[in-house]
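Trainee: prediction below, plus the sequence it came from.
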Protein chains: 2
Amino acid sequence: MRRSAEAAQLTRERIVATGVTKASTDGLSALTIGTLAEALGMSKAGVVGPFGSRAGLQFAVLTKATEMFIAAVVAPSMKVDSGLPRLRVLIDLWCGYLDSSPFPNGCFITAASCELDGRPGELRSFLLATVTRWRAFLREQIVIAQEAGDITTMLDADDLVTALTGIAMSANQEIQLLADATAPARARRLMLAAITR
Amino acid sequence: MRRSAEAAQLTRERIVATGVTKASTDGLSALTIGTLAEALGMSKAGVVGPFGSRAGLQFAVLTKATEMFIAAVVAPSMKVDSGLPRLRVLIDLWCGYLDSSPFPNGCFITAASCELDGRPGELRSFLLATVTRWRAFLREQIVIAQEAGDITTMLDADDLVTALTGIAMSANQEIQLLADATAPARARRLMLAAITR
DNA sequence: TCCTTTAGCGTACGATCGTTCGTTGGCTGG
DNA sequence: CCAGCCAACGAACGATCGTACGCTAAAGGA
């Protein structure tokens, strides 16, 4: 039972990983069981089985994408001293994530936000929680840097969150739609300028 | 023949208008002929007829959404003197458009950008042209204001385009996903601060 | 060694997808 | 007044959607 359970876990992860890739390109709602099964060389029943339903599969994919963002940006930054040092690393990690993200088509969270923002349901609720947590985390790092005297308190933390998030979203469009190779460097420069003003 | 042709034109516009609304909520690729026909009280053949195919319908919807953005933001601004006055009006119109857009779920162009940026095709090409034109227009207004001495030339025009576009995108998320009623006013304030620094 | 568990497969279901076709009914130009 | 045009309909098509069910075969515990 142990070994088979481990194998099942591996299969599950393989399905989710492929699902994340497909959903990044075509959107979460275009993630169909049939095409996913074909891409994996599995039967439809074998794909949907571990998740119960298509909705469960979508939820698992969105959860995985969230974990990937956290693993790429948030987690590594926590190893750095709080305040300006962490903020700078955060910006580097963030722009690096935008430049060569683990997804084929840019920031999964931003894409999901645009896709789901008008469709109530579990997916939207989960995404809302994710975005809220991320913005709160970003705001907290800014406040810490302000209280430490690293950056000016003249600027409102909420304003900075909006500005930084916006630069990232704009850069994401420049990279993915406009194919502008200079976008990541510009985003990094603009983010640093925003906080060190 | 005249009257019937006019009626056909009216029907076409009615289909596109409903299509824009539906696509704003569910995405352009979720715009199905069946649901659209039901929403319109028409047959599927009657809906797709004027456009030849589903792809033609999607193209017409995206075109209409683009025209609506231009009509809401770009066109009215051209009645104002170029330079800072026009920039200020542009920001007001832009934020007003984000606040209570003609679409039920926020900026259609931003949503389409996230949805289509990884899917080559006519839709993406058209959207790319639209975004490129909009950014070029915005940049031009900034340069004009700079040359007139209305705003500082210390800031790069491309940087400002990225910053302003980003504030709009971030505000769009705050309005649509986070349901933050203070977002439009903050966006307006941040945009004005960005150009009048 | 045998029994139980279960991961994954194959098949089938009804619903809906986009598209095509023939038809119909109300206009219009002559 | 009448013949012709055309917008829109209704039905049907093959394909694909998500889901459900029974089965097979491999693995683990007794």
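Mentor: Sure, I can see it.

Trainee: state the helix or strand in which residue A:155 lies.
Mentor: Here residue A:155, judged by DSSP states H and E, is contained in no helix and no strand.

Trainee: any idea how many residues pack against the nearest residue to it once chain neighbours are set aside?
Mentor: Computed as C-beta to C-beta, 6 or more residues apart in numbering or on different chains, the closest residue to residue A:155 that is not its neighbour in sequence is residue A:197, at 6.8 Å. The C-beta positions use only the backbone N, C-alpha and C, and glycine is treated the same way. Using other C-beta atoms under 10 Å in any protein chain shown, residue A:197 is surrounded by 11 other residues.

Trainee: number of residues surrounding residue A:133?
Mentor: By other C-beta under 10 Å, neighbour count at residue A:133 equals 13.

Trainee: buried residues, stretch A:68-88. List them.
Mentor: A:68-69, A:72-74, A:77, A:82-84, A:86-88 (16 or more other C-beta atoms under 10 Å in any protein chain shown).

Trainee: contacting residues for residue A:151?
Mentor: A:84, A:87, A:142, A:145, A:195-196 (C-beta atoms under 8 Å, 6 or more residues apart in numbering or on different chains).

Trainee: sorry, back to before: and which of the buried residues of stretch A:68-88 is nearest to residue A:112?
Mentor: Distances from residue A:112 to those, taken as C-beta to C-beta, are shortest for residue A:69 (10.5 Å).

Trainee: which element is that closest one on?
Mentor: helix A:54-69.

Trainee: how about that helix and DNA strand C, touching?
Mentor: No. On the criterion C-beta under 7 Å from any atom of the strand, helix A:54-69 is out of touch with DNA strand C, staying 11.5 Å away.

Trainee: buried sites along that helix?
Mentor: Applying 16+ other C-beta under 10 Å to helix A:54-69 flags A:57-62, A:64-66, A:68-69 as buried.

Trainee: what's the burial count for residue A:120?
Mentor: If we define neighbours as other C-beta under 10 Å, then residue A:120 has 9 of them.

Trainee: before we move on, what about residue A:107?
Mentor: 23.

Trainee: list the contacts for it?
Mentor: For residue A:107, counting by C-beta under 8 Å, 6+ apart, the contacting residues are A:69, A:97-98, A:101, A:168-169, A:172.

Trainee: report the lowest-confidence entry in these.
Mentor: Lowest pLDDT among the contacts of residue A:107: residue A:101, with 88.

Trainee: state the number of residues packed around that one.
Mentor: 20.

Trainee: quick check: closest non-adjacent residue to it.
Mentor: residue A:107 (6.3 Å).

Trainee: angles on the backbone of the one you found, please.
Mentor: Residue A:107 adopts backbone torsions of phi -60, psi 120, taken as degrees, to the nearest 10.

Trainee: try the one 4 residues further on
Mentor: Listed backbone geometry of residue A:111 is phi -60, psi -40, with angles given as degrees, to the nearest 10.

Trainee: quick one: contacts for the closest residue to it other than its chain neighbours?
Mentor: If the residues on either side of it in the chain are set aside, residue A:111 comes closest to residue B:114, at 4.5 Å by C-beta to C-beta, 6+ apart. Contact analysis of residue B:114 by C-beta under 8 Å, 6+ apart lists A:106, A:110-111, A:113-115, A:173.

Trainee: out of the residues you listed, which end up buried?
Mentor: A:106, A:110-111, A:113-115, A:173.

Trainee: just give me the closest of those residues to residue B:30.
Mentor: Out of the buried ones among the contacts of residue B:114, the member with the shortest distance to residue B:30 (by C-beta to C-beta) is residue A:115, at 9.3 Å.

Trainee: name the nearest residue to whichever residue of chain A sits closest to chain B, sequence neighbours excluded.
Mentor: Nearest residue of chain A to chain B: residue A:166, at 2.9 Å (C-beta to the nearest C-beta). Nearest residue to residue A:166, sequence neighbours excluded (C-beta to C-beta, 6+ apart): residue B:166, at 2.9 Å.

Trainee: okay, and the residue in chain A that DNA strand C sits nearest to sits in which element?
Mentor: Nearest residue of chain A to DNA strand C (C-beta to the nearest atom of the strand) works out as residue A:46 at 2.1 Å. Using DSSP H and E, residue A:46 falls within helix A:44-48.

Trainee: would you mind measuring from residue A:142 to residue A:9?
Mentor: 39 Å (C-beta to C-beta, to the nearest Å).

Trainee: tell me the two of the contacts of residue B:114 that are most distant?
Mentor: It's A:115 and A:173 that sit farthest apart of those, by C-beta to C-beta, at 14.8 Å.

Trainee: now do the buried residues in the lowest-mean-pLDDT helix or strand in chain A.
Mentor: Lowest by mean pLDDT, DSSP states H and E among the helices and strands of chain A is helix A:2-26, with a mean of 87. Within helix A:2-26, the residues that count as buried by 16+ other C-beta under 10 Å are A:11, A:15-16, A:18-26.

Trainee: identify, from the buried ones among the contacts of residue B:114, the entry nearest to residue B:31.
Mentor: residue A:115 (13.5 Å).

Trainee: ok, for the closest one, nearest residue in space, not its chain neighbours?
Mentor: residue A:27 (5.4 Å).

Trainee: what does chain A put close to DNA strand C?
Mentor: A:1, A:4-5, A:7-8, A:10-12, A:41-47, A:49-50.

Trainee: also near chain B: which of those residues, exactly?
Mentor: Taking C-beta under 8 Å from any C-beta of the partner chain, there is no overlap between the residues of chain A next to DNA strand C and the neighbourhood of chain B.

Trainee: before we move on, back to that, give me the helices and strands touching the helix holding residue A:46, please.
Mentor: Judged by 3 or more C-beta pairs under 8 Å, 6 or more residues apart in numbering or on different chains; DSSP states H and E, helix A:44-48 is in contact with helix A:33-40, helix A:54-69.

Trainee: what angle separates the helix or strand containing the residue nearest to residue A:166 from helix A:157-176?
Mentor: Per DSSP H and E: residue B:166 is located in helix B:157-176. Going by axes from the mean of the first three to the mean of the last three C-alpha atoms, to 10 degrees, helix B:157-176 is angled at 110 degrees with respect to helix A:157-176.
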